[in-house]
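> Sequence plus the predicted model coming up.
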Amino acid sequence: MTASPGAAGRAAEERPRRKHKTGGTAGARTLASTFAGYFVLVFFALVFLYPFVIQIANSLKTEPDAAAHPLSPVPGPLTFAAYERVFLGTDLPLWLGNSVLVTIVLTVGRIFLDSLAGYALARLRFRGRAALFSAIVAVMAVPGVVLFIPKFLVLNQLGLYDSYTALILPVIADAAGVFIMKQFFESIPVSVEEAARIDGAGVFRTFWSVVLPMARPALITLTIISFQSAWNEFPHTLVAVQSPELFTLPRGLADLVSGSLGKGTQYPLKLGGAVLATIPVAVLFVIFQRYFVRGANEGAEKG
Amino acid sequence: MTDTTTGPAAGGPPAEGPGADGADRPRRPRLSAAARESLAGWLFVAPVVVILGLFLLLPILMALWVSLTDWNGQGSPFKPGVPFVGLDNYARLFTEDDLARQDFMTSMRNNIYYVLIVVPAQTVLALGLAVIVNSRLLKGRTFFRAAFFFPSVTSSVAISVVFLFIFANSGAVTGLLALFGIRGPQWFADSRGTLHLLLGALGLVDPNAPPAALTDGGPFGLSWWEWLSGPSVAMTTIIMLVVWTTSGTFMLMFLAALQDIPVTLEEASRLDGAGRWQTFRHVTLPMLKPTLFLVLTLGMIATWQVFDQVYVMSQGDPAKTTLTPAYLSYKTAFRNFEYGPGTAISFVLFVIIVVLALVQRWVLRDRDAAPRPRRRAGKVRA
């Protein structure tokens, strides 16, 4: 892992600290600016994180309590009533199951297909490779929202609309993932593969047992961003399915909130659903933070 | 799975091209090493090519056709009975004085204000946070970086639900403002334009009785007064939500760029007697220019696509002041079953975004053309 992912992963690592000039006013000014720096950091940390505190706290409140004290991080009476209703009174368990299924299939599929294509584009010589790569870069620029109706048209035409296939197949290969893998494979020295080939391994065998294991950092990054985007995916589900049995969690939650399924405000219930939709990515984020950072910067790299 | 040629003699040095396939090779006489590599290459990319072609390229072509018709969603859009209307669906958006144009122009106005506020706000916030997080004097930078980035990775739907609650009439923000003695607006029910409110507060114009000069006419079916509304109060909640969620990602981009600036350069400038602000303005900022431009254009491309938040939080209401072209095209097609006009709107949006993307590529072309031994080497060059 030489060139690409390195810099981003190091993002927060310390640079050698130089002592600033000491002495009366300069020292005081440094102190003051350090204090101001912390103040700004803490203030914004609150702004960025407190909504999640509100989300969790209010999902554990009674409805009148949530309405009366929305800001309070402590539930008046602590109650799991909202979660009970979420699991027993709505289709949410079903959506949760669909989300898990779709996310796993999408993640595994993307890793496999993107790294196959990324490897071919990085290493194998075939006619049309350069043109194909340009096409994939062009494809990345196609904005997702303008594809709503078009995707629906194709799914409808192929008779796939409103099925698990419709949820999965159209988004199982993504150009950005191919791009990330290609960049990575290009950073691996060719000599390793040449040795394997001279030993008589075929192209797929070389890829599968020699090159892919070396790509672990890139594979983890790709896994993380695939999981995250598959789990959070919303607009695609709007044009792929319409039966509540096929909803994923974000789709079900959106319907719950926009009123076609739920009545009244019921904020603890809705926030409980939102908590469930947030947890998997949050856990992953805490464990694999640097890979998320890497993924974000790969995104910047591809521009 | 695809190509598992593992025979001991099959490999051969791959770099030698077609001529390498000597006559003495015992097995697989038909394919040279280069041909096999070529075949493997195509097999490797085939799944991705098929899927992207089937669900990206083909849909665009189909939609181009549908945008020229009055297909109502019944049966196939390619059957002979579907009325062909040429460019009417596009013309109606710009020239005909009817509801379709009014809705489209309203959504354009809303989105323009949205872009004008979100893009600078998130860029400045992201840059500011990056500079502070990058400060060498502070501890706990990893934590703060994570805290600012976290909202970007969570589900847009889930977070929209949380903001619905936070900005509800009895919600947290109203409560917070009450602590300071401010009576907050009824966020999601408030369709008043903020620019109208501002003009009213300055005493320039009475929002309840705007001057006839402004209400009488204006381009594209909206009066000047309507064009000058600013984002509605309801839209500002979506603006706040989006700035809050996206700043973290852009902060990371700035952070990565800041770390590529040699520490000695800034220190030299400080030693030369430049103040903190002067150093930032004349040393740091110029080196961040490519990243700044990247963030601005990525921001513009993304803000023209705002959809999830509108769908969950407002569905275009109140009084169509949170309607955006992306949501309008969805609504026109899937709620009103007017697929032709809906698709036409999405193509107009497509053109806007593609132009922005092309501008971005064109300006960043130097960076891509230069060989990059290291990430972002272009920036260190100065």
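Received it, and whenever you're ready, just let me know what you need.
> List the residues that contact the most centrally placed residue in chain A.
Central residue of chain A (Cα atoms, centre = their mean): A:Gln228, 2.3 Å from the mean position. With contacts defined as Cβ atoms under 8 Å, 6 or more residues apart in numbering or on different chains, A:Gln228 is in contact with A:Val281, A:Leu284, A:Phe292, A:Gly295, B:Val153. Just so you know, the C-beta spots here come from the backbone N, C-alpha and C atoms, and that holds for glycine as well.
> what about the last one, distance to B:Ala121?
Between B:Val153 and B:Ala121 the computed distance is 20 Å (Cβ to Cβ, to the nearest Å).
> what does the second one give?
Remark: distance between A:Leu284 and B:Ala121 (Cβ to Cβ) = 28 Å.
> Next: the fourth one.
With the distance defined as Cβ to Cβ, A:Gly295 ends up 24 Å from B:Ala121.
> So those two - more neighbours on which side?
A:Gly295 (26 against 18; other Cβ atoms under 10 Å in any protein chain shown).
> Within the helices and strands, which one has the closest residue to the more buried one other than its chain neighbours?
Nearest non-adjacent residue to A:Gly295, counting by Cβ to Cβ, 6 or more residues apart in numbering or on different chains: A:Ile225, 4.0 Å away. For A:Ile225, the host element (DSSP states H and E) is helix A:216-232.
> do the helix or strand harbouring B:Leu127 and chain A meet at all?
With elements taken from DSSP H and E, the one containing B:Leu127 is helix B:99-134. Yes: Helix B:99-134 reaches chain A (Cβ under 8 Å from any Cβ of the partner chain) through B:Gly128, B:Leu129, B:Ile132, B:Val133.
> avg pLDDT for the next helix or strand after that helix?
Next along the chain after helix B:99-134, taking DSSP H and E as the criterion, comes helix B:141-153. Taken as a whole, helix B:141-153 has a mean pLDDT of 89.
> Who are the packing partners of whichever helix or strand comes after helix B:141-153?
Later in the chain than helix B:141-153, the nearest helix or strand by DSSP H and E is helix B:156-166. Packing contacts for helix B:156-166, counted by 3 or more Cβ pairs under 8 Å, 6 or more residues apart in numbering or on different chains; DSSP states H and E, involve helix A:24-59, helix A:249-257, helix A:267-287, helix B:172-179, helix B:233-259, helix B:308-313.
> Deepest-packed of these, please.
helix A:249-257 (a mean of 26; mean count of other Cβ atoms under 10 Å in any protein chain shown).
> what angle sits between it and helix B:156-166?
Here helix A:249-257 runs at an angle of 30 degrees relative to helix B:156-166 (axes from the mean of the first three to the mean of the last three Cα atoms, to 10 degrees).
> quick one: is helix A:249-257 near chain B?
Yes: counting by Cβ under 8 Å from any Cβ, chain B is contacted by helix A:249-257 at A:Leu249, A:Pro250, A:Arg251, A:Leu253, A:Ala254, A:Val257.
> remind me which residues of chain A are low pLDDT?
Filtered on pLDDT under 70, chain A yields the residue ranges A:1-26, A:259-265, A:299-303.
> quick check: domain ranges of it?
As assigned by automatic domain parsing, chain A contains the domains A:24-79, A:91-302.
> most neighbours per residue, which of those domains?
Comparing the domains of chain A by mean neighbour count (mean count of other Cβ under 10 Å), domain A:91-302 comes out on top with a mean of 20.
> For B:Gly316, which residues are in contact?
B:Ser107, B:Val310, B:Thr322, B:Leu323, B:Thr324, B:Tyr327, B:Leu328, B:Lys331.
> and the nearest residue in space to it that is not next to it in sequence, how many neighbours?
Excluding the flanking residues, the one nearest B:Gly316 by Cβ to Cβ, 6+ apart is B:Leu323, at 3.9 Å. Neighbour count of B:Leu323, defined by other Cβ under 10 Å: 24.
> do the same with B:Val153
Number of residues near B:Val153 (other Cβ under 10 Å) recorded here: 24.
> doesn't A:Phe292 make contact with it?
Yes: look at B:Val153 against A:Phe292 with Cβ atoms under 8 Å: they come within range, at 5.9 Å.
> Overlap of the contact sets of the two?
Residues touching both B:Val153 and A:Phe292 (Cβ under 8 Å, 6+ apart): A:Gln228, A:Phe285.
> give me the low-pLDDT residue ranges for the stretch 101-250 of chain B?
Counting by pLDDT under 70, the stretch 101-250 of chain B has no low-confidence residues at all.
> Let me see the contact set for residue 115.
This is for chain A. A:Met181, A:Leu212, A:Ala215, A:Leu219, A:Leu222.
> not what I meant, chain B
For B:Val115, the residues meeting the contact criterion (Cβ under 8 Å, 6+ apart) are B:Met300, B:Thr303, B:Trp304.
> Disregarding residues adjacent in the polypeptide, which is nearest to the second one?
Beyond its immediate neighbours in the sequence, the residue positioned closest to B:Thr303 (Cβ to Cβ, 6+ apart) is B:Val115, lying 4.6 Å away.
> Relative to B:Phe334, how far out is that neighbour?
In terms of Cβ to Cβ, B:Val115 sits 25 Å off from B:Phe334.
> Kindly report the same for A:Tyr50.
When distance is defined by Cβ to Cβ, A:Tyr50 is 36 Å away from B:Phe334.
> Check B:Gly53 too.
For B:Gly53, the distance to B:Phe334 (Cβ to Cβ) stands at 25 Å.
> who has more neighbours, the two?
Between B:Gly53 and B:Phe334, B:Phe334 has the larger neighbour count (other Cβ under 10 Å), namely 18 against 13.
> Relative to B:Phe55, how far out is that one?
Taking Cβ to Cβ, one finds B:Phe334 at 18 Å from B:Phe55.
> With B:Phe144 instead?
Counting by Cβ to Cβ, the gap from B:Phe144 to B:Phe55 is 40 Å.
> what residues are up against A:Ala45?
By Cβ under 8 Å, 6+ apart, the neighbours of A:Ala45 are B:Phe143, B:Phe144, B:Ala147, B:Phe148.
> Which residue comes closest to the first one once chain neighbours are left out?
I take that to be B:Phe143. A:Ala45 (7.8 Å).
> same check, this time on the second one
Among residues not flanking B:Phe144 along the chain, A:Leu41 sits closest, at 4.9 Å (Cβ to Cβ, 6+ apart).
> ok, the one you found - contacts?
When contacts are counted by Cβ under 8 Å, 6+ apart, A:Leu41 touches B:Ile132, B:Val133, B:Leu138, B:Gly140, B:Phe144.
> now do B:Val66
B:Val66 neighbours (Cβ under 8 Å, 6+ apart): A:Ile149, A:Leu153, B:Pro77, B:Tyr339, B:Gly340, B:Thr343.
> host element of residue 181?
Just so you know, I chose chain A. Under the assignment here (DSSP H and E), A:Met181 is part of helix A:175-186.
> Give me the helices and strands touching that helix, please.
Other helices and strands packing on helix A:175-186, by 3+ Cβ pairs under 8 Å, 6+ apart, are helix A:92-123, helix A:129-140, helix A:216-232, helix A:289-302, helix B:33-52.
> switch the cut-off to 7 Å
Judged by 3 or more Cβ pairs under 7 Å, 6 or more residues apart in numbering or on different chains; DSSP states H and E, the packing partners of helix A:175-186 are helix A:92-123, helix A:129-140, helix A:216-232, helix A:289-302.
> All set now, cheers.
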